[in-house]
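Colleague: quick one, structure for this:
(one chain, ligands or ions: 2)
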Amino acid sequence: MDSLLIHGGNPLAGDVRISGAKNAALPILTASLLTAEPLKLGNVPHLKDISTMLALLGHMGVRVTLDDRNQVTLSGESIPHKEAPYEMVKTMRAAILVLGPTLARFGEARVSLPGGCAIGSRPVDLHIKGLQAMGADIAIEHGYIHARCKRLKGARIMMDVVTVTGTENLMMAAALAEGTTVLENAAREPEVVDLARCLIAMGAKIEGAGSDVITVHGVDRLHGADYSVMADRIETGTFLVAAAMTGGRVRTTHTQPDTLDAVIAKLREAGARVSVGDDWIEIESDGKLQAVDVRTAPHPAFPTDMQAQFMALNTVAEGAASVTETIFENRFMHVQELRRLGANIEVSGHTALVRGVPRLDGATVMATDLRASACLVLAGLVAAGETTIERIYHLDRGYERIEEKLTQLGARIKRVH
Ligand SMILES: CC(=O)N[C@H]1[C@@H](OP(=O)(O)OP(=O)(O)OC[C@H]2O[C@@H](n3ccc(=O)[nH]c3=O)[C@H](O)[C@@H]2O)O[C@H](CO)[C@@H](O)[C@@H]1O
Ligand SMILES: C=C(OP(=O)(O)O)C(=O)O
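Modeller: Ligands and ions are numbered 1, 2, ... in the order given. As a prediction, the model looks like this:
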């Protein structure tokens, strides 16, 4: 198993090119199941989750080709296996996203129930209830969701919790349903908007994506399209925090600043200077930061996928701050690892009180999930001496060539096999 070895203390400086967004690319890849025509996608990041999704789509029957311009073409002319097996779902929960499109186009789909994971129990009841409201007959058998229908029918669906992949699954299903579907309390995340844009390019009739009411007028068929995936706002935010903590000056390029308002506001509150252009964000810091309170909530509020990184920032900032996680019940797995580096953190329920310490000291720590891994990398970049991060396969699910990008910015980091 690979580990990362980091020698802390170098300020980061330079430009870093941000990759396509994992959480936009994953649903957009599954949109290929909605049409018999080729879907051509650009800016798809090279990540473990993306190869798992391509393997799943390939297993179902989608033909996947990669051209010399790094464009992925998916052709879902025939889909002989309308099933997402447990072996694939267990390594990547986003596999649930094949349910809506497969059912809507073929009238049948079988998807393994995702289990609990490190950050919480993560049920999919709202995906199931929404499809049932559209007329699907759903049985849970032998750990699988088995869904059948004649043709899905438009419905008014009120989701009592804001769910990102739930909104995406139902939006894709509704695109091929008969009649109009209204999704209320829909997720407003930029990745939902990106998926809607791709579906619209494929001929779907969708209004309101980006607001909490999405209206989908179903069509009989969708066609192929050429689409470029949005930039990864969480990767962008992670590099901005890295620059702020190490006292550097970094410009993230090929990114979308308007998707990062809450994160930029918190970085400014912490004392970093942030300037923004059309597709870049530059940050400059002397490394002397103020601790900032953070409370996660659905977009446009502060994203849960940046919580661990700001926890790392607070560990070395001046003063004390609270970090409250409201989305996932168990997303503080990084706390005990940060403590191993000398952080002062007390957890009470969903809130962690972080008191800044003058310095962290390198140690061996273990990555437990994707963003917890990113937070340990950030801590390692400022810790005195050497930090070894074990089980970094979590990091490879969501960060493209992270050690290469950090090395280019001046970090001392290497992967050990
Ligand atoms: C691939 C992808 O895009 N992953 C993102 C997506 O995950 P994902 O879409 O899985 O997360 P959700 O938005 O669904 O989860 C939000 C909350 O809703 C609850 N819930 C969800 C579905 C459901 O049927 N019932 C239910 O109760 C969850 O337990 C959680 O408490 O959004 C999360 C919240 O921004 C991010 O952290 C993940 O990075
Ligand atoms: C939790 C995340 O991803 P997933 O929903 O794919 O587990 C994430 O991207 O931080």
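
Colleague: use CA for all of it now, contacts and neighbours both
Modeller: Fine.

Colleague: show me what whatever helix or strand residue 268 lives in is packed up against.
Modeller: For residue 268, the element it lies in under DSSP states H and E is helix 261-269. If you count contacts as 3 or more Cα pairs under 8 Å, 6 or more residues apart in numbering; DSSP states H and E, helix 261-269 packs onto helix 233-246, strand 273-276.

Colleague: export the ones you listed to a markdown table and tack on distance to ligand 2?
Modeller: Compiled in a markdown table, those are given as follows (distance: least, Cα to the nearest ligand atom, whole Å):
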| stretch | distance to ligand 2 |
| --- | --- |
| helix 233-246 | 8 |
| strand 273-276 | 24 |
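
Colleague: which among these is found nearest to residue 3?
Modeller: With Cα to Cα, the closest approach to residue 3 among these belongs to helix 233-246: 19.2 Å.

Colleague: how about the helix holding residue 268: buried residues?
Modeller: For helix 261-269, burial by neighbour count (16 or more other Cα atoms under 10 Å) applies to 263-264, 266-268.

Colleague: and stretch 296-307, by the same measure?
Modeller: 296-299, 302-307.

Colleague: again with stretch 403-417
Modeller: 403, 405-406, 409, 411-414.

Colleague: which ones among the residues you listed map onto helices?
Modeller: Counting by DSSP state H, the buried residues of stretch 403-417 place 403, 405-406 in helices.

Colleague: out of these, which is nearest to residue 397?
Modeller: Nearest to residue 397 out of these is residue 403 (Cα to Cα; 13.7 Å).

Colleague: the closest one and residue 5, how far apart?
Modeller: For residue 403, the distance to residue 5 equals 10 Å [Cα to Cα, to the nearest Å].

Colleague: next one: residue 260
Modeller: Computed as Cα to Cα, the residue 260 to residue 5 distance reads 29 Å.

Colleague: residue 66: how many residues sit nearby?
Modeller: By other Cα atoms under 10 Å, the residues close to residue 66 number 12.

Colleague: now it, nearest residue through space, not along the chain?
Modeller: residue 72 (4.6 Å; Cα to Cα, 6 or more residues apart in numbering).

Colleague: and what of residue 373?
Modeller: Spatially, and ignoring its direct neighbours in sequence, residue 373 is nearest to residue 367 (4.6 Å; Cα to Cα, 6+ apart).

Colleague: need phi/psi at that neighbour.
Modeller: phi -80, psi 130 (degrees, to the nearest 10).

Colleague: for it, give its distance to residue 412.
Modeller: 19 Å.

Colleague: that older thread, thought the residue nearest to residue 66 was touching residue 44?
Modeller: Yes. Counting by Cα atoms under 8 Å, residue 72 touches residue 44, with 7.4 Å between them.

Colleague: neighbour count: these two, which is higher?
Modeller: Legend: neighbour count by other Cα under 10 Å for residue 72 and residue 44, higher for residue 44 (23 against 20).

Colleague: roughly how far apart are that one and ligand 1?
Modeller: Separation of residue 44 from ligand 1 (Cα to the nearest ligand atom, to the nearest Å): 14 Å.

Colleague: tell me, how many residues neighbour the residue nearest to that residue when sequence neighbours are not counted?
Modeller: Nearest residue to residue 44 in three dimensions, chain neighbours excluded: residue 20, at 5.4 Å (Cα to Cα, 6+ apart). Residue 20: 23 surrounding residues under other Cα under 10 Å.

Colleague: sweet, I'm off.
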